[in-house]
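S.K.: just a sequence and a predicted model for now, questions to come.
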Amino acid sequence: MHRSTFLLSHYAGRSWEADQRTSMADARTALCIESGVALEDIDPSTGYDLSRRGYDSARASWVSVVKYHGLTQGYIRPDLASAFAYWARVRPEFAAGDDWEAAAVAAHRAYWEGELGRHSCGAAGCAVCYPVPTELLA
């Protein structure tokens, strides 16, 4: 097989990935429009809802995850930070002065220590229930 034929075959076989991403963005955009999101609040390249309602929904979702599952160092905490960083980048006016992690920690404590009357959630590595001294993190 000639090198040029091989390269063409290679890249042609990967074109479905771009088509799939475009189709997903189009589907998200249609869902946003159907649910009443203003066109200026829809990211045209991803179809994501960047409205205040979208921000509040994402925030509430992350607070709920931490509330019930803990703030694990290896998985949830970095993903929470990444999600907040995304919103701080695309909608800094919404994220300014907001602290998703603090809200999530408060919800976690209120649930596990208040509602359930327990002192820990039992999630291995939960930074709220099993804090690690900062000198050990370095």
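M.R.: Here it is on my side, so go on.
S.K.: can you report how many residues neighbour Glu101?
M.R.: When counting by other CB atoms under 10 Å, one arrives at 17 neighbours for Glu101. Using the backbone N, CA and C atoms, a C-beta is placed for each residue, glycine as well.
S.K.: mind checking the pLDDT average for stretch 88-96?
M.R.: Mean per-residue pLDDT for stretch 88-96: 97.
S.K.: ends of it, how far apart?
M.R.: 7 Å (CA to CA, to the nearest Å).
S.K.: what residues sit buried inside it?
M.R.: By neighbour count with 16 or more other CB atoms under 10 Å, stretch 88-96 contains the buried residues Arg91, Phe94, Ala95.
S.K.: hmm, the second one is touching Tyr55, no?
M.R.: Yes: in this structure, Phe94 sits in contact with Tyr55. The criterion is CB atoms under 8 Å, and the distance is 4.4 Å.
S.K.: hey, what's in contact with both of these two?
M.R.: Contact with both Phe94 and Tyr55 is made by residues Trp87, according to CB atoms under 8 Å, 6 or more residues apart in numbering.
S.K.: at the geometric centre of the protein, which residue do we find?
M.R.: Nearest to the mean C-alpha position of the chain, by CA atoms, centre = their mean, lies Ala83 at 3.7 Å.
S.K.: how about that one, phi and psi?
M.R.: The phi and psi values for Ala83, taken as degrees, to the nearest 10, are phi -60, psi -40.
S.K.: how about the buried residues of stretch 88-96 in a markdown table, adding distance to Ala60?
M.R.: Putting those into a markdown table (distance: CB to CB, whole Å) gives the following:
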| residue | distance to Ala60 |
| --- | --- |
| Arg91 | 15 |
| Phe94 | 13 |
| Ala95 | 14 |
